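Asker: Below is the sequence, then the predicted model.
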Amino acid sequence: MGQKTHPYGFRIGIINGWKSNWFGGRDFGEVLHEDLRIREHIKKRAYHAGVSRVVIERRADKVAVNIYAARPGILIGKRGAEVEALRKDVSKLSSNELFINIREIRKAELDGQLVAENISLQLERRVAFRRAMRRVVTSAMKFGAQGIKVMVSGRLGGSEMSRRAQYREGRVPLHTLKARIDFGHAIARTKSGVIGCKAWVFTGYVPDAQLRQLQPRSGDQGTA
């Protein structure tokens, strides 16, 4: 049997940070579900802005929501109107004071989540799955990726039997902890059925000096 592990979770505390930063007491479950609702709402509402990830930080009665997007201009809107409307919407999901910060992703072609979503969008538009996969692989390598692997699984090409296809170029060292592996997955809802899309993008190694700075020191308080 295959023993799979999530590339992001595998590197937490080594080169990756947590996507939720807060200390949970007795209300841990409540706050966790609140985070999930906030992420789901932002992803659904701002999907067209290319939202890769949402990092939530909590301090006392304040919540800071950091949205990493490929097209921040769409999220901000004219004179910040869109981001203010989004803040009011998201505030309804939390009883605490809420702040929204928009962070730009400069190279969407190297972001695993956005690569997977790009493939799923092409499949929904009835683009041939091989062409869609080759297109994102070529694009990632052109923008400086050292390696990329993409995989799609489901009723490919509308066939009756489900199958799996993958393309790979360059190196993708999944077991090397200091390797920056950006992983993403998305679902394409086509007329013939649901197709799962996954992407692994290798952008290089974290230098040893930087790695020592990133590692948590003994006695540091954990996050949830």
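Answerer: Right, received. Where do you want to start?
Asker: Quick one: list the elements packing against the biggest helix by length in the chain.
Answerer: Determined from DSSP state H, the single longest helix within the chain is helix 28-45. When contacts are defined as 3 or more CB pairs under 8 Å, 6 or more residues apart in numbering; DSSP states H and E, helix 28-45 packs onto strand 51-59, strand 62-69, helix 81-91. Every residue, glycine included, has its C-beta placed from N, CA and C.
Asker: Give me the contacts around that helix.
Answerer: Residues outside helix 28-45 that contact it (CB atoms under 8 Å, 6 or more residues apart in numbering): 20, 22, 24, 51, 54, 56, 58, 65, 67, 86, 89-90, 93-94, 224.
Asker: Next, the buried residues of that helix.
Answerer: 31, 34-35, 38-39, 41-42, 45 (16 or more other CB atoms under 10 Å).
Asker: got the angle for that helix vs strand 51-59?
Answerer: 150 degrees (axes from the mean of the first three to the mean of the last three CA atoms, to 10 degrees).
Asker: Pull the distance from helix 28-45 to the chain's centre.
Answerer: Offset of helix 28-45 from its chain centre (CA atoms, centre = their mean, to the nearest Å): 15 Å.
Asker: Let me see the mean pLDDT of stretch 200-217.
Answerer: Mean pLDDT, computed over stretch 200-217, is 78.
Asker: my bad, should have said stretch 176-196
Answerer: Mean per-residue pLDDT for stretch 176-196: 94.
Asker: how about the CA coordinates for it, as CSV?
Answerer: Extracted in CSV, the C-alpha atoms of stretch 176-196 (Å, rounded to 0.1, in the frame of the first residue of the first chain):
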residue,chain,number,x,y,z
THR,A,176,13.9,16.2,1.3
LEU,A,177,12.6,18.4,4.1
LYS,A,178,14.5,21.5,3.1
ALA,A,179,13.1,21.4,-0.4
ARG,A,180,10.3,23.9,-1.1
ILE,A,181,7.5,21.8,-2.5
ASP,A,182,4.3,23.7,-3.2
PHE,A,183,1.4,21.3,-3.3
GLY,A,184,-2.2,22.0,-4.3
HIS,A,185,-5.3,20.1,-5.2
ALA,A,186,-8.6,21.1,-6.9
ILE,A,187,-11.7,19.4,-8.2
ALA,A,188,-13.0,19.8,-11.8
ARG,A,189,-16.8,19.3,-12.0
THR,A,190,-17.3,18.2,-15.6
LYS,A,191,-20.4,16.8,-17.4
SER,A,192,-19.1,13.3,-17.3
GLY,A,193,-18.2,13.4,-13.6
VAL,A,194,-15.7,14.8,-11.0
ILE,A,195,-12.0,14.9,-11.9
GLY,A,196,-9.4,15.4,-9.2
